[in-house]
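Participant: Kindly return the folded structure for what I paste below:
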Amino acid sequence: MAELEPKAIEVKEGEEVDIETLSKELEAHNNRNSDRIFVRTNIGNRTKKPLFPVESHFWHGSTYAKLITLSAPGGYDYPQFGTPPEGLKYGILYADGDDSLSRQFLAAVHVPLPVNVDANNFKVYVEAGPIGPIDWNVVEVKLNMATSNKAVYDDPIFGGQVHAEVSKERNGYTFISFRN
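Facilitator: Down below sits the predicted model:
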């Protein structure tokens, strides 16, 4: 089975990513391979500093790509796949440094299979805040309680923002954006 290759996407200020082409490629691949679903996640850094990958966690599904450092501004197309019935359920954690003044950005996504017609079974959970350990069990509980395919969190202390959305119109394409 052919794998989807990870793609580093250079995004300049004010420039848009060609999601249409990437979405069509993803749809064609999923149509050829019904035993698992591939999802591409576009991770965008809209902060003033580079963001460093801290950790990725998969409850269901996996990836063959590693998270990379995101330049400011910058982006990365991160491929994952999942199998029925749980589909894909994962979280990623980025940080803008490793000292006490650094902030971290977390996004968790669940795309179960089969995807229902309205895509109202997609779930997203996000948070941002001071750097520190993450309890992935707690994140999974919060993700399971989520009721929407999109989420935004504004950190009142450090001022960071995380936005994430799974788009049915984009064949399960996931968008995650970190801002400050």
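
Participant: contacts, neighbours, all on C-alpha from now
Facilitator: OK.

Participant: What ranges does the chain have for its strands?
Facilitator: 7-9, 37-46, 52-60, 74-82, 88-95, 103-111, 123-130, 150-154, 161-167, 173-179 (DSSP state E).

Participant: and the last one, which strands flank it?
Facilitator: Pointing back at strand 173-179 there. strand 37-46 (parallel), strand 161-167 (antiparallel) (DSSP bridges).

Participant: Nearest to N137 among the strands of the chain would be which one?
Facilitator: Nearest to N137 among the strands of the chain is strand 52-60; the distance by CA to CA comes to 9.6 Å.

Participant: what is the orientation angle of the closest one with strand 88-95?
Facilitator: 160 degrees (axes from the mean of the first three to the mean of the last three CA atoms, to 10 degrees).

Participant: Who are the packing partners of strand 52-60?
Facilitator: Where contact means 3 or more CA pairs under 8 Å, 6 or more residues apart in numbering; DSSP states H and E, strand 52-60 is packed against strand 88-95.

Participant: Mind giving me the packing neighbours of the strand it packs on?
Facilitator: With contacts taken as 3+ CA pairs under 8 Å, 6+ apart, strand 88-95 sits against strand 52-60, strand 74-82, strand 103-111.

Participant: Give me whichever of those is most buried.
Facilitator: Among those, the stretch with the highest mean neighbour count (mean count of other CA atoms under 10 Å) is strand 103-111, at a mean of 26.

Participant: Paired strands for it, with orientation please.
Facilitator: strand 88-95 (antiparallel), strand 123-130 (antiparallel).

Participant: Need the contact partners of the last one.
Facilitator: Counting by CA atoms under 8 Å, 6 or more residues apart in numbering, strand 123-130 makes contact with 100-111, 139, 142-144, 146-155, 157-158, 160-166, all of which sit outside it.

Participant: which stretches of this protein have low pLDDT?
Facilitator: For the chain, applying pLDDT under 70 flags the ranges 1-35, 114-120, 168-172.

Participant: Tell me how many other residues surround the residue nearest to F81 when sequence neighbours are not counted.
Facilitator: Closest residue to F81 apart from its sequence neighbours, by CA to CA, 6 or more residues apart in numbering: F38 at 4.3 Å. Neighbourhood size, F38 [other CA atoms under 10 Å]: 26.

Participant: Equivalent analysis for the one 10 residues further on, please.
Facilitator: Here the number of neighbours of K48 (other CA under 10 Å) works out to 12.

Participant: tell me the contacts of the closest residue to it other than its chain neighbours?
Facilitator: Spatial nearest neighbour of K48, chain neighbours left out: A72 (5.8 Å); criterion: CA to CA, 6+ apart. A72 makes contact with 45-51 under the criterion CA under 8 Å, 6+ apart.

Participant: Much appreciated, bye for now.
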